[in-house]
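S.K.: Quick one, what's the 3D model for this:
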Amino acid sequence: MATETFDVIIVGAGLSGVGAAVHLQRECPGRSYAILESREAMGGTWDLFRYPGIRSDSDMHTLGYNFKPWIDDKAIADGPAIRSYVNETAREYGVDQHIRYRHRVTRMAWSSQDAAWTVTAERGDSGETVEVCGKFLFMCAGYYSYRRAHTPDFPGRENFLGPIIHPQFWPKDLDYSGKKIVVIGSGATAVTLVPAMADQAESVVMLQRSPTYVVSRPARDWIANLLRKLLPGSWAYAITRWKNVSMQQWVYNRTRTAPLKVRDLLLKRLRKELGPDYDIDTHFTPHYNPWDQRLCLVPDSDLFEALRDGKASVVTDTIECFNETGIRLSSGEQLEADIIVTATGLELAVLGEAEVVVDGDTVDFSQTWSYKGLMYTGVPNLVTTFGYINASWTLRADLTAEFSCRLLNHMAETGTEKVVPALRPEDADMPARDWIEEFSAGYMQRFMHKFPKQGDREPWINPQNYRRDRVMFRNDPLEDGALQFSSREPADTAQPDETLLREAS
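M.R.: Now for the predicted structure:
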């Protein structure tokens with residue numbers, strides 16, 4: 001059977017992949033495309049994670065697409081609402097008709113002779129291996145492994161008699177009512193789980209090795225809801241989006257220029273939430289500055305309410321070992337537990353864990369340079385989506401899709417079939433920097449050595465700055481000396497068979 005060929009192959013049918021497909025349809029009409037999705041449903045993160053209380057930690061006016069207004073009353077939305085939003089978008093634009101489910105991409109091989117990628121996928125429903133060809137690859141597979149999660153090797157883990165659960169693999173039938181629960185972790189997942197489980201559980205303890213900055217914010221944006229009543233929906237959405245992006249950037253910039261002032265303000269608010277007798281210094285005062293790691297959002301103060309009511313508690317200590325009935329701490333304290341939840345983070349992955357081959361050579365992405373944080377030296381016709389660590393993911397996903405469409409249209413106009421980033425002569429002495437800088441979160445630091453490098457000048461930077469990215473992606477010239485455009489390489493001239501030559505003579 002002949003291999004199918006598309007103009008574009010999108011890998012991943014989550015928030016990024018569905019958005020990329022809509023941008024492609026709107027800005028590059030007539031291009032054929034297919035979306036390969038490893039799971040049996042669209043939604044990505046918002047379909048995979050099903051733990052209690054799952055929600056966004058960004059407002060939906062910036063986590064939503066720039067082309068589809070978020071109209072729900074709650075700006076801090078739960079997982080099912082976000083999943084519904086992604087599904088609705090896919091149906092509205094017909095993207096759902098292009099998705100091929102249970103296609104886990106394992107290998108992507110580029111041929112300069114064919115000017116195309118051959119994508120190999122394993123089908124989860126039949127176990128067979130299929131190949132699809134694409135002239136351009138748009139990777140929207142996220143940044144972490146769907147198959148593995150990060151769980152430290154806790155001593156004595158095998159001795160605990162109850163279930164040990166990672167939130168990424170939450171069982172559907174788990175009954176935790178009336179149970180004693182210990183949630184290990186202090187990040188966004190932990191601060192979501194604790195108040196969500198507190199109403200049904202006998203007790204919930206958030207056990208953390210070190211604190212994280214947490215900040216309360218109303219789940220409803222009253223300004224956005226008011227604007228929606230007074231203005232056309234698209235206007236209200238645009239104004240709210242601009243307001244929230246500006247606020248996000250202002251807060252982040254203040255953490256860079258005046259970190260101690262921001263720290264003091266956050267801690268002052270915490271003392272107001274939890275009262276003067278609560279040990280803020282021990283449980284909610286990190287050793288780093290705000291936004292050196294991501295701020296944890298607490299909508300409508302739900303975590304603080306659970307702590308004030310005594311339904312939940314925080315313990316700051318290290319683990320000596322697990323035992324039959326719970327966890328023994330380094331301080332000697334015993335935490336009794338019926339269920340232990342390890343909200344200990346993700347395992348990052350480069351390009352969806354697929355092997356990438358260019359003209360027969362396997363690509364080691366740690367040896368490549370990142371072009372604007374979305375393309376890589378020596379890797380043709382491939383763009384990846386990686387959102388912001390200091391703002392809403394979809395802000396950058398939208399910009400990345402716009403850039404990709406702009407690139408595809410330029411190639412069509414110039415009659416070129418291949419584009420690949422390459423260092424210019426003036427970049428020869430460029431110092432290598434981590435792909436993400438000034439972000440000390442463990443899940444990032446554990447894997448930065450596997451990611452591409454960034455330099456100290458455009459276009460070899462990954463600034464993680466929405467305003468700067470808007471100019472760089474939308475306005476900077478594509479013919480910048482770093483992007484090399486060309487047509488396909490001619491096939492090698494066939495050599496005559498020696499036997500035929502002898503017979504002819």
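
S.K.: what sits against Pro195?
M.R.: 53, 302-303, 305-306, 311-312 (C-beta atoms under 8 Å, 6 or more residues apart in numbering). In short, each C-beta sits where N, CA and C put it, glycine included.

S.K.: and it, what element?
M.R.: Following DSSP states H and E, one finds Pro195 within helix 188-198.

S.K.: re the thing from before, from the contacts of Pro195, which is closest to Arg256?
M.R.: Leu303 (26.4 Å; C-beta to C-beta).

S.K.: Counting neighbours, what do you get for the closest one?
M.R.: 27 (other C-beta atoms under 10 Å).

S.K.: what's the spacing between the residue lying closest to Asn462 once chain neighbours are set aside and Trp435?
M.R.: Leaving aside its sequence neighbours, Asn462 sits nearest to Gly373 (C-beta to C-beta, 6 or more residues apart in numbering; 3.3 Å). Computed as C-beta to C-beta, to the nearest Å, the Gly373 to Trp435 distance reads 7 Å.

S.K.: what's the overlap in contacts for these two?
M.R.: With C-beta under 8 Å, 6+ apart as the test, Gly373 and Trp435 both reach 454, 462.

S.K.: picking that back up, continuing past the helix holding Pro195, what's the next helix or strand?
M.R.: Next element after helix 188-198 (DSSP H and E): strand 203-208.

S.K.: Alpha carbons only: can I get that following strand in CSV?
M.R.: Taking Å, rounded to 0.1, in the frame of the first residue of the first chain, the C-alpha atoms of strand 203-208 are listed here in CSV:
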residue,chain,number,x,y,z
SER,A,203,-7.1,14.0,56.9
VAL,A,204,-4.8,15.3,54.2
VAL,A,205,-1.2,16.2,54.9
MET,A,206,0.9,18.0,52.3
LEU,A,207,4.4,16.7,53.0
GLN,A,208,7.1,19.0,51.4
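
S.K.: now for it, which elements pack on it?
M.R.: Counting contacts by 3 or more C-beta pairs under 8 Å, 6 or more residues apart in numbering; DSSP states H and E, strand 203-208 packs against strand 180-184, helix 188-198, strand 312-316.

S.K.: pLDDT of it, averaged?
M.R.: Averaging pLDDT along strand 203-208 gives 98.

S.K.: How about stretch 218-228?
M.R.: Stretch 218-228 comes out with an average pLDDT of 95.

S.K.: what about it, distance to the chain center?
M.R.: Its chain's C-alpha centre and that of stretch 218-228 lie 26 Å apart, by C-alpha atoms, centre = their mean, to the nearest Å.

S.K.: quick one: the strands in the stretch 51-200 of the chain?
M.R.: 99-100, 103-111, 116-123, 129-139, 144-149, 164-165, 180-184 (DSSP state E, counting those that start in this stretch).

S.K.: Out of these, indicate the one that is most buried.
M.R.: Among those, strand 180-184 has the highest mean neighbour count (mean count of other C-beta atoms under 10 Å), at a mean of 24.

S.K.: Sheet partners, orientation included, of it?
M.R.: Using DSSP bridges, the strands paired with strand 180-184 are strand 203-208 (parallel), strand 339-342 (parallel).

S.K.: Measure how far the direction of the longest one deviates from that of strand 312-316, in degrees.
M.R.: Strand 203-208 and strand 312-316 meet at an angle of 30 degrees, taking axes from the mean of the first three to the mean of the last three C-alpha atoms, to 10 degrees as the criterion.

S.K.: after strand 203-208 comes which helix or strand?
M.R.: strand 214-217.

S.K.: Packing partners of that following strand?
M.R.: For strand 214-217, the contact count by 3+ C-beta pairs under 8 Å, 6+ apart identifies helix 259-274, strand 296-299 as packing neighbours.

S.K.: possible to save these as CSV with mean pLDDT and distance to Glu128?
M.R.: Putting the helices and strands packed on strand 214-217 into CSV (pLDDT from 0 to 100; distance: least, C-beta to C-beta, whole Å) gives the following:
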stretch, mean pLDDT, distance to Glu128
helix 259-274, 95, 53
strand 296-299, 93, 43
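
S.K.: Many thanks, have a good one.
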